[in-house]
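Trainee: take a look and give me a structure for this.
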Amino acid sequence: MLARLDAVDARKSLSDSSEKGTNEDQVNFIALKCLQQLLECSAPLNLFLVVDSVFSYIEKYHQYETTQLPISLVSFMMPLVATSYRHIIVNEVLRLLNECQTDKATCKNVALVKVLESCLNSPIPSIGISVLEYLNCFVGCLRATYHNNPTEQPSALEAELKSGLLSAITGLGTHLYYTEQINDILAFLVNKLQPNESSTPSPMPPFELELLRCMNNLVQTEGKSRNEVPFPILTPTLPFLSNDSFVVRSEYTHFLINSLSPNLHATSHKHSRSGSTVIADKALNLRFRLNLHQKLIDYGAREHITSADCTNILLVFKKLLDREAGDELIRALPIWFHIHQSSAEPGIMDQILLDYLLYAGDLLCIGGLSDYSSNLIQARKAEGLWFEGVASPQAWPTKQFASPEQIREILKHESQLKQLFPDLNERLDVVYEPALLEFIHSEPPKNKFVSKIKQPRLAAPIIRTFESKPVGRISPQVEQFKDALKVTSGSSLCEDDSDSSEIFTGSYSTVKRSKGSRTDLSALLKSISAHSLVSSASLVESPHRS
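Mentor: Now for the predicted structure:
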């Protein structure tokens, strides 16, 4: 019906209705045509009146029972409104939802949630909506539904309401209206989860588990186009790795892996950023990895650890290796060896350790490490001691574990690792203790040779310009001329006295003057001297004369 809206003439429908009788499709068509003209001709300030009239009709004639009609009407209205005013329609639907009774599922609030879900997940953006206001409304409704029915099996209406709210929360990440939108949503949800570091880990309530799934869906939906999730948002969520529920541990592991994008390490060292910002980011990075490694140690030390848990640990370590490369390998090895030795399932842990070492050797092009890991894996496969998948056998073999000494010896000769860590040998020999965790995640000492080569170059060389200061012109005094004339009048100026004439004229020329010019100059000076002796008048009137 909606597809034929622009193709059929409303006047023809009216004329046909008088002859053949009005049917339901024709009435709907005329109504939609009127609604189209209202939307196209109304001022933006009057749009909420149109939307309110539509939903008043839906409520008056009990059309909330079928969610398809409200969704179809809003989907019909959205393209007819300018992009900058579409948020008015969505905001009006949100207002109606806030006015509903949210402590239980009704046909009305389910229909309104479905309308908002459709708008937020559609390809048409709603520029101008307040993302956090919508998020607060959805989370409040979701909390109320779980609070009213925490244990009983939800009804069909409640299940539909929950799925609509979860989809609407995820839909807030479909269109990005500002840079930090996803980070703001994640920070809001983490605040609602309130993971407690000091309390004993306990199973997560169903409401919080659903929020965790929403967070995972958000980082998956945005994919490669998203910005990095800041460490201050991720750090408070790390206690979920120690949760008693395997479902929570597994769900959080996937969220963490999706949040730790492989290219974050590169983006945090852009040339456009100042040196102090890069240093602060690196310190924050090391502090986050310290906390994460500590949680992985606790995870690996669980009494009833399964092979699926070991796989989760392996996935997190691999993601960190993708991000940090050789820097992570050297810092993670003492953690790996400690988890291996203290694990309740050393056989399973040894297998995933070899998997990690093979992955690291191939990723970092460390041939010795790849060969060592590959040879051990092939030998175990030949003996039937290598198990595929996550299902662990009843009795896992506990012989021929990977040798930490051989692994350290292989890595000590790698030049790329020596460039990263001048104290490489000391770091490889570290045996994990809680007191040494700070040293493992400390900054390596600066390599003097590398620092001399990699000095930051200036944009332009410093050139000192020695500009001579302009010498002010000294005005000659009349008394100086008089003294000079008196001296020249008392002495005979000889033609051969070339030095005095050159000094008087102040010439530095190396060209020898002719005798004729000297004679003319002497005659001129004599005439000036004779004139000054005859006239006793002063050129400057003295202020002391009466």
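
Trainee: for the longest helix seen in the chain, buried residues please.
Mentor: If you go by DSSP state H, the chain has its longest helix at helix 275-300. Judged by neighbour count using 16 or more other CB atoms under 10 Å, the buried positions of helix 275-300 are 281, 285-286, 288-297, 299-300. For every residue, glycine as well, the C-beta is placed using N, CA and C.

Trainee: give the burial count for Ala168, as a bare number.
Mentor: Residues near Ala168, counting by other CB atoms under 10 Å, number 26.

Trainee: name the nearest residue to it, ignoring sequence neighbours.
Mentor: Nearest non-adjacent residue to Ala168, counting by CB to CB, 6 or more residues apart in numbering: Glu117, 4.4 Å away.

Trainee: tell me the contacts of that neighbour?
Mentor: Shown in contact with Glu117 (CB atoms under 8 Å, 6 or more residues apart in numbering): 164, 167-168, 171.

Trainee: over to Ile124?
Mentor: Listed by CB under 8 Å, 6+ apart, the contact set of Ile124 reads 78-79, 86.

Trainee: can you pull the buried residues of the one helix or strand the residue nearest to Ala168 maps to?
Mentor: Glu117 belongs to helix 107-121 when assigned by DSSP states H and E. Residues 108-121 are the ones in helix 107-121 that count as buried (16+ other CB under 10 Å).

Trainee: on that earlier part again, got CSV for the contacts of Ile124, with pLDDT and distance to Tyr178 too?
Mentor: Formatted as CSV, these follow (pLDDT from 0 to 100; distance: CB to CB, whole Å):
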residue, pLDDT, distance to Tyr178
Met78, 93, 21
Pro79, 92, 24
Arg86, 92, 17
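
Trainee: hang on, the earlier thing: now for the longest helix of the chain, which elements pack on it?
Mentor: Using 3 or more CB pairs under 8 Å, 6 or more residues apart in numbering; DSSP states H and E, the elements in contact with helix 275-300 are helix 231-234, helix 307-324, helix 326-342, helix 437-440.

Trainee: and those helices: which comes nearest Leu69?
Mentor: helix 231-234 (40.1 Å; CB to CB).

Trainee: can you list contacts of the next helix or strand after that closest one?
Mentor: Next in sequence after helix 231-234, counting helices and strands by DSSP H and E, comes helix 246-259. For helix 246-259, the external contacting residues (CB under 8 Å, 6+ apart) are 203-204, 209, 212-213, 215-216, 219-220, 229, 234, 237, 240-243, 299, 306, 308-309, 312, 315-316, 319.

Trainee: what angle do helix 246-259 and helix 275-300 make?
Mentor: Orientation check (axes from the mean of the first three to the mean of the last three CA atoms, to 10 degrees): helix 246-259 against helix 275-300 gives 160 degrees.

Trainee: pLDDT averaged over helix 246-259 - what is it?
Mentor: For helix 246-259, mean pLDDT is 93.

Trainee: same check, this time on stretch 191-204
Mentor: Per-residue pLDDT over stretch 191-204 has a mean of 68.

Trainee: look up phi and psi at the residue nearest to Arg289 when sequence neighbours are not counted.
Mentor: Once flanking residues are discounted, Arg289 sits nearest to His441: 6.1 Å by CB to CB, 6+ apart. Backbone torsions of His441, given as degrees, to the nearest 10, read phi -110, psi 20.

Trainee: quick check, His441 in contact with Phe288.
Mentor: No. His441 lies out of contact with Phe288 (CB atoms under 8 Å); the separation is 9.5 Å.

Trainee: thinking again about what came up before, just the buried residues from the contacts of Ile124, in PyMOL please.
Mentor: PyMOL command restricting the contacts of Ile124 to the buried ones, with burial defined by 16+ other CB under 10 Å:
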select buried, resi 78+86
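
Trainee: make sure Glu160 is actually in contact with Cys107.
Mentor: No. In this structure, Glu160 is not within contact of Cys107 by CB under 8 Å, at 9.9 Å.

Trainee: just the buried ones from the contacts of helix 246-259?
Mentor: Among the contacts of helix 246-259, those buried by neighbour count (16+ other CB under 10 Å) are 204, 209, 212-213, 215-216, 219, 229, 234, 237, 240-243, 299, 308-309, 312, 316, 319.

Trainee: all helices of the stretch 51-200 of the chain, in order?
Mentor: Assigned by DSSP state H, counting those that start in this stretch, the stretch 51-200 of the chain shows helices spanning 68-77, 86-99, 107-121, 131-148, 156-171, 181-193.

Trainee: single out the most deeply packed of the ones you listed.
Mentor: Mean neighbours per residue, mean count of other CB atoms under 10 Å, is largest over these for helix 107-121, with a mean of 23.

Trainee: packing partners of the helix or strand hosting Asp350?
Mentor: Assigned by DSSP H and E, Asp350 belongs to helix 346-364. The contact analysis (3+ CB pairs under 8 Å, 6+ apart) places helix 346-364 against helix 307-324, helix 326-342, helix 367-383.

Trainee: tabulate those (JSON lines), appending distance to Phe48.
Mentor: Below are the helices and strands packed on helix 346-364 laid out as JSON lines (distance: least, CB to CB, whole Å):
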{"stretch": "helix 307-324", "distance to Phe48": "47"}
{"stretch": "helix 326-342", "distance to Phe48": "54"}
{"stretch": "helix 367-383", "distance to Phe48": "65"}
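
Trainee: possible to save those as a markdown table with mean pLDDT and distance to Pro404?
Mentor: Listed next are those as a markdown table, based on pLDDT from 0 to 100; distance: least, CB to CB, whole Å:
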| stretch | mean pLDDT | distance to Pro404 |
| --- | --- | --- |
| helix 307-324 | 93 | 16 |
| helix 326-342 | 93 | 5 |
| helix 367-383 | 91 | 12 |
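
Trainee: quick one: closest of the ones you listed to Cys41.
Mentor: Among those, helix 307-324 comes nearest to Cys41, with 55.2 Å by CB to CB.

Trainee: got the angle for that closest one vs helix 275-300?
Mentor: Counting by the same axes, to 10 degrees, helix 307-324 points 170 degrees away from the direction of helix 275-300.

Trainee: between helix 346-364 and helix 307-324, find me the angle.
Mentor: Inter-element angle recorded for helix 307-324 and helix 346-364: 20 degrees (by the same axes, to 10 degrees).

Trainee: what about Phe48, distance to Leu417?
Mentor: Phe48 sits 64 Å away from Leu417, going by CB to CB, to the nearest Å.

Trainee: which of the two has more residues huddled nearby?
Mentor: For Phe48 and Leu417, the more surrounded residue by other CB under 10 Å is Leu417, and the numbers stand at 19 against 15.

Trainee: quick one: contacts for the more buried one?
Mentor: Neighbouring residues of Leu417 by CB under 8 Å, 6+ apart: 326, 329-330, 411, 424.

Trainee: measure it to Leu329 for me?
Mentor: Going from Leu417 to Leu329 by CB to CB gives 8 Å.
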